[in-house]
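Asks: Sequence first, predicted coordinates after that:
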Protein chains: 2
Amino acid sequence: MLTQTMITESPRRPASKAARGRPPVEAQPLGGSIELMGACLSFARNVEIYGEGETAEYLYKVVSGTVRTSKILADGRRQIGAFYLPGDMFGLEMGEEHTFSAEAIADAKVLVIKRSAVTALAQRDSDVAHELWTLTGRELHRVQEHVLLLIKTAQERVAGFLLEMAQRERESNEVELPMSRQDIADYLGLTIETVSRTLTHLAATAVIEVPSSRRIVLRNRAALARLNG
Amino acid sequence: MLTQTMITESPRRPASKAARGRPPVEAQPLGGSIELMGACLSFARNVEIYGEGETAEYLYKVVSGTVRTSKILADGRRQIGAFYLPGDMFGLEMGEEHTFSAEAIADAKVLVIKRSAVTALAQRDSDVAHELWTLTGRELHRVQEHVLLLIKTAQERVAGFLLEMAQRERESNEVELPMSRQDIADYLGLTIETVSRTLTHLAATAVIEVPSSRRIVLRNRAALARLNG
DNA sequence: CGACCATTTGATATGGATCAAGCGATGTGG
DNA sequence: CCACATCGCTTGATCCATATCAAATGGTCG
């Protein structure tokens, strides 16, 4: 069994701190008509936003911070389904229940939108319906990519992960990782030690630089892409 | 690199043989309004239905036989995305291109539906739109389950696969596997040898019975479910 | 400063991959 | 009708990537 990060239910901190370190989200083409009608909530680091199995009453959009969705298997192993950065929507479900749980990785602000309102709107407005569908389709695509990651070697997974993260934080070579090594490991289906060793190895071969554990510089993108398979 | 099954582009055989061995498909609640407007095509074993990267002009519904979707990685490894049995729809894409290719595993008949017709219809009819969305959502759920399979041990993957297949062929304990060991291996992210060994082991421990290589009897579902994690 | 985490590093174990035969069906040509 | 090639599958022996177990390091906060 893998060692799990203990989820410490730390008390909510004031929202003022949550927006730190990431620019405000510009209006997205997707969700343009949706995002108007939600309330904005703050969640402190490691606080659960919703739990697996709870009824899916809302869908969410990250304003600041980072959110992870995860699932705990019977024997305690944890699988992380996705990381959501500012601008990403999450929590949209087809069934009545959330199939994963969601937690804030760093203090996060999320826009909360009532599901019933959106689906009702979608019934009349085919554009909204199309947006919802697109959202699900995008998610599908992401998960398919995730499957492709999981059949690869440790190096390839880590390389793929870094490229994925780099792609998302505006095409820079500096990647700020908001999640712990354990989170990365549980996302990639590896152990924390293997993730660490692989990063060390990539650094040793000058493919990346690791100035601090949560900050990574991509020195040789081509090599990473090659490793990615 | 994994050894790949050679895809022999055998010539199309007459459709009469394709329906063998599986009862005709009853009308599904989903797709009720969609399936009326398609043509029915036949594909021989191992014939490609569409290729990765081709423009997604149609979506498909399996009438008889079995279809697999797959992707070949740069180094030759193959990942199978899904197996589609009679009644299942596949090939629905959000983008303009197919992200996987699709081949018939056994001689198959598939209903072919023009994408543009469906999306046009969806624009006016919110029920059709909802059907499309549901279809994508169901697919998303399947792929999420696939991810969960891929982080498990070989035993757990094979057990999970068998349960999945059993669930789909009307809740019987007899599972007829239409796909080869190589297909199963590429679906589960294992080698053909490991799949074979695992099945042998499950048979040795009386969890299953393997009267012929393509036919499996689940003797102890509880044990399988336990192995499934 | 000292306690507590997260992360790295090291030593060893192991599950599954790889390499290599063997086996049983199915089909083909002599 | 039988010898023989072929193909899909199984079985065996060995190797290696990653897990596991254990300890050291380093950063953060009271």
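Replies: Right, received. Where do you want to start?

Asks: got a pLDDT number for the nearest residue to A:R215 once chain neighbours are set aside?
Replies: Once flanking residues are discounted, A:R215 sits nearest to A:E176: 5.8 Å by Cβ to Cβ, 6 or more residues apart in numbering or on different chains. For every residue, glycine as well, the C-beta is placed using N, CA and C. pLDDT for A:E176: 95.

Asks: Can you report how many residues lie near A:E176?
Replies: The number of residues packed near A:E176 is 15, by other Cβ atoms under 10 Å in any protein chain shown.

Asks: can you state the direction angle for the longest helix out of those in chain A and helix B:126-150?
Replies: The longest helix of chain A (DSSP state H) is helix A:126-150. Inter-element angle recorded for helix A:126-150 and helix B:126-150: 10 degrees (by axes from the mean of the first three to the mean of the last three Cα atoms, to 10 degrees).

Asks: Only the buried residues of helix A:126-150, if you could.
Replies: Residues of helix A:126-150 classed as buried: A:126, A:128-141, A:143-144, A:146-150 (neighbour count, 16 or more other Cβ atoms under 10 Å in any protein chain shown).

Asks: Who are the packing partners of it?
Replies: Helices and strands touching helix A:126-150, by 3 or more Cβ pairs under 8 Å, 6 or more residues apart in numbering or on different chains; DSSP states H and E, are strand A:78-84, helix A:115-124, helix A:154-168, strand B:78-84, helix B:115-124, helix B:126-150.

Asks: check whether the longest one contacts DNA strand D.
Replies: The reference is to helix B:126-150. No - with Cβ under 7 Å from any atom of the strand as the criterion, DNA strand D is not reached by helix B:126-150; the gap is at least 11.8 Å.

Asks: Is that helix positioned near DNA strand C?
Replies: No - with Cβ under 7 Å from any atom of the strand as the criterion, DNA strand C is not reached by helix B:126-150; the gap is at least 10.8 Å.

Asks: for that helix, what is the average pLDDT?
Replies: In the prediction, helix B:126-150 has an average pLDDT of 97.

Asks: what about it, distance to the chain center?
Replies: The chain centre lies 14 Å from the centre of helix B:126-150; the measure is Cα atoms, centre = their mean, to the nearest Å.

Asks: Okay, angle between it and strand B:78-84 too, please.
Replies: Computed with the same axes, to 10 degrees, the direction of helix B:126-150 lies at 130 degrees from that of strand B:78-84.

Asks: Give the bridge partners for A:R78, please.
Replies: Per DSSP bridges, the residues bridged to A:R78 are A:I72.

Asks: Setting the sequence-adjacent residues aside, check what's closest to A:F100.
Replies: Per Cβ to Cβ, 6+ apart, closest to A:F100 is A:T69, 4.0 Å.

Asks: Which strand residues bridge the one residue sitting closest to the centre of chain A?
Replies: Central residue of chain A (Cα atoms, centre = their mean): A:F83, 0.9 Å from the mean position. Per DSSP bridges, the residues bridged to A:F83 are A:R68.

Asks: now it: how far from A:A203?
Replies: Distance, A:F83 to A:A203, by Cβ to Cβ, to the nearest Å: 22 Å.
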